[in-house]
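Novice: Generate a structure from the sequence data that follows.
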Amino acid sequence: MSKNAETSTASTTVPPSGTQALPTRRIRVIGVPLDMGASRRGVDMGPSAMRVAGLEARLEALGHEVTDGGNVRVEIAETQASGHESARYLKQIAETCTRTAEAVVKTLEEGITPLVLGGDHSLAAGSVSGVAEFYRRQGKKIGVIWIDAHSDINTPETSPSGNVHGMPLAALLGLGPEALGNIFGYAPKILAENTVLVGVRDIDAAERENIRRAGVTEVYTMRDIDERGMRTVMEEALRAAGRGTAGYHVSLDMDWIDPEDAPGVGTPVRGGATYREAHLAMEIIADHGRLLSFEMVEVNPVIDEHNRTADLAVELACSAFGKKIL
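Specialist: Numbering: from 1, shown residues only. Next up is the predicted model:
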């Protein structure tokens, strides 16, 4: 389906002077300061870093109505038992994801677009579950655009690290772990045919098999982006995620971007998207107008440089919500 044929539920209003007319939304910021899913600590400060970078004001300058819903409650790792080494802190992460899912459902019920700030990527098991549940009640399904250096499709049986932030996509596709995948009492939350990976470049051997086992065929590596260009990749990705769905959730891990431009991330990997490629991807998402919800994860201020990565995350959110060069 072309972007001209697609529809948006957003209303069109006249934005503040100096910006172009665009579909505007009511947006609610939901912070999830979760860092139990990774080995390196510090991404729990990501939501604060993005707020400090002016997220709310910059979205409001585009004409959107933005409210901050505060943070979902998250346990502190030092006060908790880590549990089994194959999936550390799984119980606590699942509880946080359940609270996140409930907050997302409530937001959508109020006709507001959720904008979730992480935290490590394990929180996506909650945010996506919330979006999927809201639309399931209407007899609809959703797509997911997973923009990440990693595929995050390990299970406790295949994970070499036991870090749960490498498992949320597996959980959402019904591969497990059950504690993450069975939020609201059913699995899978999304179908493989509407699940798209974009920008992956660091995939474990077991994850390759899990991708095949789950039936995910829309996988665009950095080589695909290099050879075919970001526009072609994103157009195909959005078409697949949108086919037969109410729209799609976009899960943006900031380690998708090259560490030269985004140094403050949980698990940096060289060879990622450039600054302009990242903005182009977000602008194309805005063009299509079928974004249901959006999240940015893995911003780690502890290893960032003067909040550069959080500032870039806010810039990308603005592009995803309609900011244009002209």
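
Novice: And for the helix ranked longest in the chain, what's in contact with it?
Specialist: If you go by DSSP state H, the chain has its longest helix at helix 90-109. With contact meaning C-beta atoms under 8 Å, 6 or more residues apart in numbering, helix 90-109 is reached by 28, 30, 32, 34, 36-37, 69, 72-75, 80, 83-84, 113-114, 116, 122-123, 125-127, 129-131, 133-134, 156, 164, 177, 179-180, 183-184, 292-293. For glycine as for every other residue, the C-beta is placed from the backbone atoms N, C-alpha and C.

Novice: List buried residues within those.
Specialist: Buried members of the contacts of helix 90-109, counted by 16 or more other C-beta atoms under 10 Å: 28, 30, 32, 34, 36-37, 69, 72, 74, 83, 113-114, 116, 122-123, 125-127, 129-131, 133-134, 156, 164, 177, 179-180, 183-184, 292-293.

Novice: Spit out the contact partners of the residue nearest to the spatial centre of the chain.
Specialist: Central residue of the chain (C-alpha atoms, centre = their mean): S251, 1.6 Å from the mean position. S251 makes contact with H121, A124, S127, V128, V144, I145, W146, I147, D148, E295, V297 under the criterion C-beta under 8 Å, 6+ apart.

Novice: and it, helix, strand or coil?
Specialist: At S251 the chain is in strand, as set by DSSP: H, G, I helix; E, B strand; the rest coil.

Novice: for V302, same thing?
Specialist: Classified using three-state DSSP, V302 is helix.

Novice: What distance do you get for it to L252?
Specialist: Applying C-beta to C-beta, to the nearest Å, the value for V302 to L252 is 20 Å.

Novice: Have a look at the two and say which one is more surrounded.
Specialist: L252 (28 against 15; other C-beta atoms under 10 Å).

Novice: so what's the more buried one bridging to?
Specialist: Beta bridges link L252 to I147, M296, judged by DSSP bridges.

Novice: so what's it scoring on pLDDT?
Specialist: The model reports L252 with a pLDDT of 98.

Novice: Could you double-check that it sits in contact with A149?
Specialist: No - using C-beta atoms under 8 Å, L252 is not in contact with A149, being 11.3 Å away.

Novice: Please identify every residue contacting each of these two.
Specialist: Common contact partners of L252 and A149 (C-beta under 8 Å, 6+ apart): none.

Novice: Walking through this structure, point out its strands one by one.
Specialist: 11-13, 22-24, 26-32, 65-71, 113-118, 143-147, 195-200, 218-221, 248-253, 291-297 (DSSP state E).
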